[in-house]
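# Quick one: sequence plus predicted model below, questions after.
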Amino acid sequence: MKIYKVKVNGKLYEVELEEVKESAGSIAAPAAAPAAAPAPAAAPVAGGTKVPAPMAGKILDIKVATGAKVAKGDTIAILEAMKLENEIKSPASGTVKAICVSKGAMVNNGDALIVLE
């Protein structure tokens, strides 16, 4: 093992590296955690008001069902991002036309969560 100092974004880190020779074969990678099940693909929905994810995170709960009436400002979903639970509020009054994500799904900033009509 050799110890090296590495500077990343102005911060100094000390790392240990092991020299591997070709004759030694390959190094086994650490076992990866099982990947979360991908979110079901949402059917395309024409028209309506799409409620986008304001940031990347994990959907902890969906507070509405398809066909439910919502008022502007009602909590429609809970999104966990950076270990904080964020209430996603309805931007307008209407009826839930489609739910594009499921509980436990990982979403990116701007992904459609719910469609209102």
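Good, I have the coordinates.
# which stretches of this protein form strands?
Ranges of strands in the chain, per DSSP state E, are 2-8, 11-17, 49-52, 57-62, 69-70, 75-81, 84-89, 94-99, 106-107, 112-116.
# and among the ones you listed, the most buried is which?
Comparing the strands of the chain by mean neighbour count (mean count of other Cβ atoms under 10 Å), strand 112-116 comes out on top with a mean of 22. From N, CA and C alone the C-beta is placed, and that goes for glycine too.
# Can you name every helix or strand that that one contacts?
strand 49-52, strand 75-81, strand 94-99 (3 or more Cβ pairs under 8 Å, 6 or more residues apart in numbering; DSSP states H and E).
# mind putting the strands of the chain in CSV, mean pLDDT included?
Listed next are those as CSV, based on pLDDT from 0 to 100:
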stretch, mean pLDDT
strand 2-8, 85
strand 11-17, 85
strand 49-52, 91
strand 57-62, 94
strand 69-70, 94
strand 75-81, 94
strand 84-89, 93
strand 94-99, 93
strand 106-107, 94
strand 112-116, 93
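# quick one: residue 114 from residue 97, how far?
8 Å (Cβ to Cβ, to the nearest Å).
# picking up where we left off before, out of the helices and strands packed on strand 112-116, which comes closest to residue 88?
strand 75-81 (4.2 Å; Cβ to Cβ).
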